[in-house]
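Enquirer: what follows is a protein structure lacking sequence information:
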């Protein structure tokens with residue numbers, strides 16, 4: 001049929017976009033993004049003492065593991081095909097102080113957990129958070145001097161913390177503190193100590209977000225009221241996007257091997273910009289608040305939990321993330337493997 005009107009040649013009724021959506025098989029064939037277990041990283045909380053295996057009220061379905069239970073959890077995660085876990089500690093208040101000295105204890109709970117997991121599940125990747133907030137009695141990510149988080153003094157401690165973790169068997173060091181220059185300081189320290197092949201996953205664009213609340217409950221970490229305005233002096237302003245690209249570029253220049261955007265869903269534009277502007281793996285962290293909002297709405301039967309999880313994660317991947325830290329990782333992997 002010869003079409004005289006060129007307007008019809010590129011539009012309705014000849015073009016019907018719904019044709020490819022009508023049947024399940026064709027929708028699957030033309031899907032542009034597919035979530036796999038290789039996209040997932042499972043964050044885990046570990047502790048010892050009276051809070052072992054304790055539930056986290058603000059994060060339904062998530063608990064603080066004991067050293068024993070985290071081994072069985074790691075085995076299950078590995079068997080599901082998830083490549084890596086990210087470890088976070090719940091520290092006894094008695095061990096916390098102004099400088100977060102417990103972070104440098106060679107036998108702290110994170111170091112013990114790393115050794116136990118690598119001994120039983122050696123091929124599972126272990127990612128370790130480098131920051132002082134779980135260990136300080138004031139809840140900040142660094143050393144406070146004269147009512148300010150002292151950037152350069154904090155770098156010295158973070159570098160030692162990273163070495164402590166790698167000595168225990170950590171595979172990837174992940175500084176989340178947002179101190180200036182911490183990637184360079186940690187990279188130099190790793191190299192000087194013979195850990196040239198240990199990658200750094202930098203939380204390059206970590207925003208000052210209300211969505212971290214349940215995570216802080218899980219850690220038992222609360223920011224005490226002081227002259228400091230929360231963590232706004234080092235975490236990023238949610239209104240800024242160009243600043244994120246500058247932070248990412250600086251971290252790459254300092255030796256970051258992978259960069260991270262945190263949170264994820266409110267910052268899909270940043271994930272997209274990072275993936276388009278930098279030739280480096282981009283990870284995203286679907287944080288505790290994002291997890292708990294979906295769980296709460298699903299519990300009220302306002303949304304379908306499984307579909308909401310999949311939609312949220314595929315949107316993060318579609319934006320350009322090649323790895324996603326999510327508390328739904330194990331749940332999603334089970335569905336993928338069905």
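Expert: Sure, I can see it. Values in this document were obtained by computation on a predicted structure and should not be read as measured data. Numbers count the residues shown, from 1 in each chain.

Enquirer: longest helix anywhere in this protein?
Expert: helix 151-167 (DSSP state H).

Enquirer: ok now that helix, how far from the chain's centre?
Expert: Offset of helix 151-167 from its chain centre (CA atoms, centre = their mean, to the nearest Å): 19 Å.

Enquirer: which residues does the helix or strand just after that helix contact?
Expert: Downstream of helix 151-167, the first helix or strand assigned by DSSP states H and E is strand 172-175. Residues from elsewhere that reach strand 172-175 (CB atoms under 8 Å, 6 or more residues apart in numbering): 84, 86, 125-131, 158, 162, 165-166, 182-183, 186, 190, 198-203, 258, 260. In this view, the C-beta of every residue, glycine as well, is placed from N, C-alpha and C.

Enquirer: in strands, which of those residues fall?
Expert: When DSSP state E defines the strands, the subset of those inside them is 84, 86, 125-130, 201-203, 258, 260.

Enquirer: so which of the residues you listed is the closest to residue 239?
Expert: The closest of these to residue 239 turns out to be residue 203 (CB to CB; 18.8 Å).

Enquirer: any regions of the stretch 151-300 of the chain where pLDDT drops low?
Expert: Along the stretch 151-300 of the chain, the parts satisfying pLDDT under 70 run over 224-227.

Enquirer: okay, buried residues for stretch 286-303 please.
Expert: 286-295, 298, 303 (16 or more other CB atoms under 10 Å).

Enquirer: any chance of these in CSV, with distance to residue 71 too?
Expert: What follows is these, written out as CSV (distance: CB to CB, whole Å):
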residue, distance to residue 71
286, 25
287, 26
288, 23
289, 29
290, 28
291, 23
292, 26
293, 31
294, 28
295, 26
298, 30
303, 34
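
Enquirer: got CSV for these, with secondary structure and distance to residue 147 too?
Expert: Output for these, formatted as CSV (DSSP: H, G, I helix; E, B strand; the rest coil; distance: CB to CB, whole Å):
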residue, secondary structure, distance to residue 147
286, strand, 34
287, coil, 28
288, helix, 28
289, helix, 28
290, helix, 32
291, helix, 34
292, helix, 32
293, helix, 34
294, helix, 38
295, helix, 38
298, helix, 43
303, coil, 44
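
Enquirer: ok, these vs residue 309, which is closest?
Expert: For the buried residues of stretch 286-303, the nearest to residue 309 is residue 294 (6.3 Å; CB to CB).

Enquirer: contact partners for the closest one?
Expert: 303, 305, 308-309, 312, 328.

Enquirer: now do 7 Å
Expert: Neighbouring residues of residue 294 by CB atoms under 7 Å, 6 or more residues apart in numbering: 305, 308-309, 312.

Enquirer: and those residues, which is closest to residue 235?
Expert: residue 312 (22.3 Å).

Enquirer: just the buried residues of the helix or strand harbouring the closest one, please?
Expert: Using DSSP H and E, residue 312 falls within helix 305-318. Within helix 305-318, the residues scored as buried using 16+ other CB under 10 Å are 308-310, 312-314, 316-317.

Enquirer: would you list those in CSV and tack on pLDDT and distance to residue 153?
Expert: Shown next, in CSV, are the buried residues of helix 305-318 (pLDDT from 0 to 100; distance: CB to CB, whole Å):
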residue, pLDDT, distance to residue 153
308, 98, 43
309, 98, 41
310, 97, 44
312, 98, 39
313, 98, 39
314, 98, 42
316, 98, 35
317, 98, 39
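
Enquirer: out of those residues, which comes closest to residue 72?
Expert: residue 309 (23.5 Å).

Enquirer: can you give me the strands for the chain?
Expert: Using DSSP E, strands in the chain cover 40-46, 54-55, 63-65, 84-89, 125-130, 143-145, 148-150, 172-175, 201-206, 258-262, 282-286, 323-326.

Enquirer: just the residues contacting the second one, thanks.
Expert: What it means is strand 54-55. Contacts for strand 54-55 (CB under 7 Å, 6+ apart): 63-64.

Enquirer: sheet partners, orientation included, of it?
Expert: Sheet pairing here is set by DSSP bridges, and for strand 54-55 it gives strand 63-65 (antiparallel).

Enquirer: make sure residue 316 is actually in contact with residue 324.
Expert: Yes - Residue 316 is within contact range of residue 324, at 5.4 Å (criterion: CB atoms under 7 Å).

Enquirer: mutual contacts of the two, please.
Expert: With CB under 7 Å, 6+ apart as the test, residue 316 and residue 324 both reach 284, 286.
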